[in-house]
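Enquirer: Predicted model, plus sequence, below.
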Amino acid sequence: MNAFPLLLRRVFDFFLFSSLYIAVCAVVMISQTNDLLHLSYNSRAYMLFVFFSTLCSYNFHWRLTRAPDSEMIRLKWTQQHKKLQLFLIVAGLAGAAWFALCFIDSWIWFAFSIALTFLYSAPKLPLRAFGALKKIAVGKTIFLSFVWTYVTTALPILIAGGRWTMDSILFLVSRFFLIYAICIIFDNRDRERDKQEGIRSMVTHFSQANVKRLFQASLILFLISSCLLYCYSFTPAVIIALLIPGAIVWSGYDAFANNYSDYLYYFVLDGLMMLSALITPLIPF
């Protein structure tokens, strides 16, 4: 009787901790960008590129993460599946390289995204030159938010011709500040471990009260930029869909701050990045 729930748990853990889930999140977010901004380009190839590159980069990042005494379920899963993780890194790299060939004319924009993605994990490499990146005060929170916004929003616009309009700029700003608010919650959870590893960010320097103020300021900017989209042909229904994950993140801040469950963070909190993208296809716009 207990075999089936155990099997489901293992399948779910594989989907979540192998980074397949976060790769799907990225693809869904790109699809929303394409639909809302009416972008025309080889979106299928680009989404496959992002899927495989996300698979590669996240597994690379977690393979470099060292915390042998951690109680994190994800880190334990990583330690138990090193060969699988290596396979996913190689498969992701191969898939990303293959689909990147479809955008050889936009190589400079792709090279920028690859460099940004690598730099996020580079401080974990056991090399002095990369270890020095831990001391950069700009912090990983803003950096990671920028990478996600660039890959899921800015790069599709650039590939499609680079036509920047107020609606595309506001949509990009809206997405950035939602992702930034979510990243603040992650960094707040990891603040003690980051301090031990010498990783600097605003979250590690701020008090808990100031971290919450930073979080709230980010969501206020998210709210303003999202609502301004009404002035540029976005319907009220679409704007409400965009605001739903922000409302959940705002109301759930204390719950996230007091519950460090890997399932809550890597399934629910990460999933909030793509929640509006799951809703908007159901809305006529």
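Expert: Thanks, I have the structure now.
Enquirer: contacts, neighbours, all on C-alpha from now
Expert: Will do.
Enquirer: residue ranges of the helices in the stretch 51-200 of the chain, please?
Expert: Ranges of helices in the stretch 51-200 of the chain, per DSSP state H, counting those that start in this stretch, are 73-80, 82-100, 107-121, 128-131, 140-149, 155-159, 166-189, 191-197.
Enquirer: Can you lay out these as a markdown table showing mean pLDDT and distance to Asn59?
Expert: Formatted as a markdown table, the helices of the stretch 51-200 of the chain follow (pLDDT from 0 to 100; distance: least, Cα to Cα, whole Å):
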| stretch | mean pLDDT | distance to Asn59 |
| --- | --- | --- |
| helix 73-80 | 89 | 9 |
| helix 82-100 | 95 | 6 |
| helix 107-121 | 83 | 10 |
| helix 128-131 | 58 | 18 |
| helix 140-149 | 87 | 16 |
| helix 155-159 | 95 | 22 |
| helix 166-189 | 95 | 18 |
| helix 191-197 | 68 | 19 |
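Enquirer: okay if I get those as a markdown table plus distance to Ser207 and mean neighbour count?
Expert: Formatted as a markdown table, these follow (distance: least, Cα to Cα, whole Å; neighbours: other Cα atoms under 10 Å):
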| stretch | distance to Ser207 | mean neighbour count |
| --- | --- | --- |
| helix 73-80 | 27 | 16 |
| helix 82-100 | 36 | 18 |
| helix 107-121 | 24 | 16 |
| helix 128-131 | 25 | 12 |
| helix 140-149 | 16 | 20 |
| helix 155-159 | 35 | 21 |
| helix 166-189 | 10 | 22 |
| helix 191-197 | 11 | 14 |
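Enquirer: Compare those helices and give me the one nearest Leu243.
Expert: Checking these against Leu243 by Cα to Cα gives helix 166-189 as the closest, at 9.3 Å.
Enquirer: And the contacts of that closest one?
Expert: Contact partners of helix 166-189, identified using Cα atoms under 8 Å, 6 or more residues apart in numbering, comprise 37, 141-142, 144-146, 148-149, 153-154, 203-204, 211, 215-216, 218-219, 221-223, 225-226, 228-229, 232-233, 246, 249, 253, 256-257, 260, 265, 269-270, 273.
Enquirer: and Leu37, how many neighbours does it have?
Expert: 16 (other Cα atoms under 10 Å).
Enquirer: got a list of what it touches?
Expert: Counting by Cα under 8 Å, 6+ apart, Leu37 has contacts Asp167, Ser168.
Enquirer: Please report phi then psi for it.
Expert: Per-residue torsions, Leu37: phi -100, psi 0 (degrees, to the nearest 10).
Enquirer: likewise the one 5 residues further on?
Expert: Phi and psi for Asn42, reported as degrees, to the nearest 10, are phi -80, psi 70.
Enquirer: Tell me, how many residues neighbour it?
Expert: 13.
Enquirer: To Asp13, which of the helices of the stretch 51-200 of the chain lies closest?
Expert: Closest among the helices of the stretch 51-200 of the chain, once you apply Cα to Cα, is helix 73-80, at 8.1 Å.
Enquirer: who are the neighbours in contact with the residue most central in space within the chain?
Expert: For the chain, Trp148 is the residue whose C-alpha lies nearest the centre (Cα atoms, centre = their mean; 5.1 Å). Listed by Cα under 8 Å, 6+ apart, the contact set of Trp148 reads Phe176, Ile179.
Enquirer: Also Ala257?
Expert: Ile185, Asn188, Arg189.
Enquirer: would a markdown table of those residues with distance to Ala97 be doable?
Expert: Converted to a markdown table, those look like this (distance: Cα to Cα, whole Å):
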| residue | distance to Ala97 |
| --- | --- |
| Ile185 | 33 |
| Asn188 | 34 |
| Arg189 | 34 |
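Enquirer: Now the helix or strand hosting Tyr263: average pLDDT?
Expert: Assigned by DSSP states H and E, Tyr263 falls within helix 262-263. For helix 262-263, the per-residue pLDDT values average out at 93.
Enquirer: Now the element after it, going C-ward?
Expert: Next along from helix 262-263, by DSSP H and E: helix 270-279.
Enquirer: got a list of contacts for that following helix?
Expert: By Cα under 8 Å, 6+ apart, helix 270-279 touches 22, 25-26, 28-29, 31-32, 178-179, 182, 241-245, 249.
Enquirer: 10 Å instead?
Expert: Helix 270-279 is contacted from outside by 21-22, 24-33, 35-36, 148, 175, 178-179, 182-183, 186, 237-246, 248-249, 263-266, 268-269, using Cα atoms under 10 Å, 6 or more residues apart in numbering.
Enquirer: Buried members of these into ChimeraX, please.
Expert: Only the buried entries of those go into this ChimeraX selection, using 16 or more other Cα atoms under 10 Å:
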select :21,22,24,25,26,27,28,29,30,31,32,33,36,148,175,178,179,182,183,186,238,239,240,241,242,243,245,246,249,265,266,269
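Enquirer: Kind regards, and thank you for your time.
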